[in-house]
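K.L.:
Turn this into a model:
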Amino acid sequence: MRQAQRTLGDVPVAGVPVKPILILGLGNPLRGDDGVGAQVAEALAGQGLSPDVEVMDGGTPGLGLLHLLEGRRRAILVDAAEMGRAPGSVARFRPEQALLGESREGASLHSSGVADALALARALGLALPEMVVFGVQPARLDWGLGLSPEVRAAVAQVVQAVTQEAGREPITGADHGQREDPDH
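P.N.:
Here you go, the predicted structure:
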């Protein structure tokens, strides 16, 4: 693992190991298309990615997401996302570009989602890695195994886009505010 200068709050800490880029598939495979993140993580696991990249099926980590992101310089998240598009549509965006709704039951260790975890990190002033999200528009989120045909067909596109993203230099400058298609 590389050594790099990191910060703890506002205090630089030299020599702290930086963890690999994290590709994190999120969602619950028991809820139909919500399992797309797990499917992408599984497909990426056999791709022979760089040693600087770690692929993980994160499930539905709630506030545990903060632990998964800790010490990372970059993270690429894959999840089902309601975007008002055709099922199987894919979009690349940064978390701050999304309308992250609050969980219906409020924050708890068992029911909090990505939005709650990121809001907590911001409220506590925790340093987060650079993050990019690949959202896939679900067709169905009901109980049951397996992806809809539309979302299943999008998995290969997401795998390709995530692989390209993992090889990119970190995003800097004015393009933070743009919502993008995964091919750009």
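
K.L.:
which residue ranges form the strands in the protein?
P.N.:
Counting by DSSP state E, the chain has strands at residues 3-8, 11-17, 21-26, 53-59, 74-80, 90-93, 130-136.

K.L.:
Can I get those strands in a markdown table including distance to Ala119?
P.N.:
C-beta coordinates here come from the backbone N, C-alpha and C atoms, glycine included. Below are the strands of the chain laid out as a markdown table (distance: least, C-beta to C-beta, whole Å):
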| stretch | distance to Ala119 |
| --- | --- |
| strand 3-8 | 21 |
| strand 11-17 | 24 |
| strand 21-26 | 16 |
| strand 53-59 | 18 |
| strand 74-80 | 15 |
| strand 90-93 | 17 |
| strand 130-136 | 14 |
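
K.L.:
now the end-to-end length of stretch 125-137.
P.N.:
31 Å (C-alpha to C-alpha, to the nearest Å).

K.L.:
List the buried residues of it.
P.N.:
The neighbour-count check on stretch 125-137 (16 or more other C-beta atoms under 10 Å) flags 128-129, 131-137 as buried.

K.L.:
among those residues, which one has the lowest pLDDT?
P.N.:
Least confident of the buried residues of stretch 125-137 in the model: Leu128, at 90.
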